[in-house]
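# The sequence and its predicted three-dimensional model are supplied below.
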Amino acid sequence: MTDPSAQEAAALGAPMDLSPRPGRPARRGVRRWGPILMAALVVLAIGVVLWRVLADATLVFREVDDAVERREELGEDRFRMIGSPVSGSPQNIALADGRPAVAFSVTLDGVVADVVHTGGVSDQFQPEVPVVIDGHWVRSSAYAGVADDGWYFASDRMLVKHENDYRVENRDRIEDAEERGQYG
């Protein structure tokens, strides 16, 4: 199919202009780099999400007695510690930088560790109810709790699981904790 204006020109006997026309100027920038940048951003976002998920999934669970025994070995590595808050130990404090925190001590099998928690505190948090806390060891006597051994566990995440569903699903864990004298 030919161009209608070219057909009209041919019908009138006029010579056709067959010289090449200048092409469009090359467009660089958004049209060329846009899809590449979008793909890079998507890959970066997926990488960040995977890193966060895997970092949380790889946190090792340690009971208080094991965590205290391996304190030097663990250093500042993050891990999850499970224990029961000691009665009378929870207290609101202010850190050196002014941030509010909750200081308490946890115990399991007669071993006690001091904790300074800066994250949100569960409404279900109470003495003698097992908690799982995420954090790392800090060598400092800034907080002298029940253990008062020059160390505390710097926590920023707390999980308290003592509702009825947990009791039903984890009866063996609760019975084990009761036998070890750690659950009220």
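Received, thanks. Please read all numbers here as calculations on a predicted model, not as lab measurements. Numbering: from 1, shown residues only.

# ok, residues contacting the helix or strand hosting Val138?
Using DSSP states H and E, Val138 sits within strand 131-139. For strand 131-139, the external contacting residues (Cβ atoms under 8 Å, 6 or more residues apart in numbering) are 59, 61, 67, 71, 74-85, 106, 115-117, 122, 125, 150-161. (C-beta placed from N, C-alpha, C; glycine too.)

# Secondary structure of Ser19: a helix, I assume?
No. Counting by DSSP: H, G, I helix; E, B strand; the rest coil, Ser19 is not found in a helix; it is coil.

# burial count for it?
Using other Cβ atoms under 10 Å, Ser19 has 5 neighbouring residues.

# can you list the weak-confidence ranges in this protein?
For the chain, applying pLDDT under 70 flags the ranges 1-14, 25-31, 55-58, 161-171, 173-174, 177-184.

# Quick check: what element follows the lengthiest helix in it along the chain?
The single longest helix within the chain, with elements called by DSSP state H, is helix 30-57. Remark: after helix 30-57, the chain's next helix or strand is strand 61-63, criterion DSSP H and E.

# that older thread, now the strand holding Val138: buried residues?
Buried positions in strand 131-139, judged by neighbour count with 16 or more other Cβ atoms under 10 Å: 131-135, 137.

# Tell me which stretches of this structure form strands.
Along the chain, counting by DSSP state E, strands occupy 61-63, 79-85, 91-94, 100-108, 111-117, 131-139, 151-160.

# do you know which of the ones you listed lies nearest Trp33?
Smallest distance to Trp33 across the strands of the chain (Cβ to Cβ): 39.4 Å, for strand 151-160.

# Can you spell out which helices and strands pack onto the closest one?
strand 111-117, strand 131-139 (3 or more Cβ pairs under 8 Å, 6 or more residues apart in numbering; DSSP states H and E).
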